[in-house]
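Chemist: I would like to see how this sequence folds:
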Amino acid sequence: MITREIYNDPTSVDTQSRTHEHGWAVESSHSTSMGRVLYVLCDACGARRVDLQHHTQVPPAALSKDLI
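Modeler: Numbers count the residues shown, from 1 in each chain. Predicted coordinates:
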């Protein structure tokens, strides 16, 4: 097991674990009986997610967790 002492050194923080507000862009989509399934990508970090939009007047909701 590797341990590391962390003080107030920003270089010791794992940059992959930092979170940010994703800006989701639709890569592709298709219609289903439950609504429209959207495959989205965050251009900033490359994370992907699957969303479902039940109706065009309602914002999509996440069906999966963010995958990096």
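Chemist: I'd guessed L67 sits against A47; true?
Modeler: Yes: here L67 reaches A47: they are 6.4 Å apart, a contact under Cβ atoms under 8 Å. Backbone N, C-alpha and C define where each C-beta goes, glycine included.
Chemist: those two: who's more crowded?
Modeler: Set L67 next to A47 and count neighbours by other Cβ atoms under 10 Å: A47 wins out with 16 against 9.
Chemist: what about stretch 45-60, how long is it end to end?
Modeler: Distance across stretch 45-60, first residue to last, is 20 Å (Cα to Cα, to the nearest Å).
Chemist: kindly report the same for stretch 43-52.
Modeler: Start and end residues of stretch 43-52 are separated by 20 Å (Cα to Cα).
Chemist: how about stretch 41-53?
Modeler: Criterion Cα to Cα; first-to-last residue distance in stretch 41-53 is 16 Å.
Chemist: roughly how far is that stretch from the heart of the chain?
Modeler: Chain-centre distance of stretch 41-53: 5 Å, with Cα atoms, centre = their mean, to the nearest Å.
Chemist: how distant is the worst-scoring helix or strand of the chain on mean pLDDT from the center of its chain?
Modeler: Sorting the helices and strands of the chain by mean pLDDT, DSSP states H and E puts strand 61-62 at the bottom, at a mean of 94. Its chain's C-alpha centre and that of strand 61-62 lie 10 Å apart, by Cα atoms, centre = their mean.
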